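In: Next input, structure requested:
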Amino acid sequence: MEWTGARYADTPTVAVRRGIEASPERVWELVTDIALMPRLSDELQSVQWLGGTTAPAVGARFVGRSRHDAFGEWETTSYVVECTAPRVFAWAVSDPERPSAVWRFTLEARDDGTTDLTQWMRLGPGRSGLSFAIDRMPEKEQKIVFVRMREFERNIGATLDALKAIAEGAGER
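Out: Here you go, the predicted structure:
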């Protein structure tokens, strides 16, 4: 990730893509398994569906619990805002109208039956834990945003690598 000088209000984004030697249906099964995600993340500790939901659908909610050395521990409720099997799974964090972040998996089928998987995220426009760090050090806002977005990029890459290994049969599910 290159320095952009982005501020929080700019709603910066990051996207990472991987080619996966598995069908979109197999990859879809993995990216929509929210219980799998904490095993692939250093930050995300647990996730569970709310309100009796057991599978992704637009409007479904889930709670995630996370931990970060600099930010501590927190819990958020996310709302599925897009769910088109086996192509797009997206959720808004905290408030679907003004989310603190939006996350999206996009699956593209290749002619050979394999999949290009992209994980994308956008910070803001709603306030998040990062907002409190910016409030304390407004003169460092651009650096705070840059460091966090670079961290998201690195973590997304690790998640996609783990998903790739599982989908291709080299990783444990």
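In: So for Arg17, what's the nearest residue that isn't a sequence neighbour?
Out: Leaving out its chain neighbours, the residue that sits closest to Arg17 by Cβ to Cβ, 6 or more residues apart in numbering is Thr118, at 4.4 Å. Yep, even glycine has a C-beta here, placed from its N, CA and C like the rest.
In: which strands and helices sit next to the helix or strand harbouring the one you found?
Out: Using DSSP states H and E, Thr118 sits in strand 115-123. With contacts taken as 3 or more Cβ pairs under 8 Å, 6 or more residues apart in numbering; DSSP states H and E, strand 115-123 sits against strand 13-20, helix 24-31, strand 101-109, helix 141-167.
In: how far does that strand sit from the chain's center?
Out: Centroid displacement of strand 115-123 relative to its chain, using Cα atoms, centre = their mean, to the nearest Å, is 8 Å.
In: Tell me who's in contact with the closest residue to Val31 other than its chain neighbours.
Out: Leaving out its chain neighbours, the residue that sits closest to Val31 by Cβ to Cβ, 6+ apart is Phe105, at 4.3 Å. By Cβ atoms under 8 Å, 6 or more residues apart in numbering, the contact list for Phe105 reads Val31, Val88, Phe89, Ala90, Leu117, Thr118, Gln119, Trp120.
In: ok, now how distant is the last one from Lys143?
Out: Between Trp120 and Lys143 the distance, using Cβ to Cβ, to the nearest Å, works out to 23 Å.
In: And those two? Which one has more around it.
Out: Between Trp120 and Lys143, counted using other Cβ atoms under 10 Å, Trp120 has the larger neighbour count: 16 against 12.
In: what's the closest residue in space to the more buried one that isn't next to it in sequence in contact with, if anything?
Out: Excluding the flanking residues, the one nearest Trp120 by Cβ to Cβ, 6+ apart is Ala15, at 4.1 Å. Taking Cβ under 8 Å, 6+ apart as the criterion, Ala15 is in contact with Thr118, Gln119, Trp120, Met121, Ile156.
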